[in-house]
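J.: show me how the following folds:
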Amino acid sequence: MPSVPEQYVGVAVATKANIYFEGNVVSHAVIFPDGSTKTLGLIYPGKYHFNTKAPEEMLIVAGNCKVILDGGKTAKSYTPGEKFSVPADSGFTIEVEKDLCEYICSFLN
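T.: Predicted structure coming up:
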């Protein structure tokens with residue numbers, strides 16, 4: 001199980017939030033010195049579908065969620081410290097049943 005970073009040092013943070021689903025999913029972009037980008041976000045209870053352009057890796061920081069990758073039939077549960085990968089030009093449905101789910105999304109260009 002991957003460890004969850006407590007902080008990133010020496011990065012830039014976009015001040016404008018990425019807001020989806022009427023504010024139920026909110027994230028901020030973190031830009032690293034090498035140009036790579038991650039987003040740090042919160043998901044409120046609900047069920048949401050996201051499309052991907054680039055491959056992504058989602059690391060759950062806090063809370064719980066269920067995920068179905070596009071083309072899949074069965075939801076898989078994720079807890080803090082667990083991650084899932086989403087291929088490029090694909091998508092996933094994520095469901096949070098209660099409380100908040102916090103995540104780090106890494107774009108794997």
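J.: C-alpha only now, for contacts and for neighbours.
T.: Noted.
J.: what's the burial count for Gly71?
T.: Around Gly71 there are 9 other residues, counting by other CA atoms under 10 Å.
J.: Three-state assignment for it, please.
T.: Local secondary structure at Gly71 is given as coil here, using DSSP: H, G, I helix; E, B strand; the rest coil.
J.: residues contacting it?
T.: With contact taken as CA atoms under 8 Å, 6 or more residues apart in numbering, Gly71 is in contact with no other residue.
J.: separation between it and Gln7?
T.: Summarising the geometry, the distance separating Gly71 from Gln7, computed by CA to CA, to the nearest Å, is 34 Å.
J.: try Ser85
T.: Relative to Gln7, Ser85 is positioned 22 Å away (criterion: CA to CA).
J.: okay, the two: which has more neighbours?
T.: Counting neighbours by other CA under 10 Å for Ser85 and for Gln7 shows that Ser85 has the greater number, 16 against 5.
J.: surely that one and Thr52 touch.
T.: No: the criterion here is CA atoms under 8 Å, and Ser85 misses it with Thr52 at 10.8 Å.
J.: element containing the residue lying closest to Phe21 once chain neighbours are set aside, please.
T.: Residue nearest to Phe21 in three dimensions, not counting chain neighbours: Tyr48, with 7.7 Å by CA to CA, 6 or more residues apart in numbering. Using DSSP states H and E, the element containing Tyr48 is strand 46-51.
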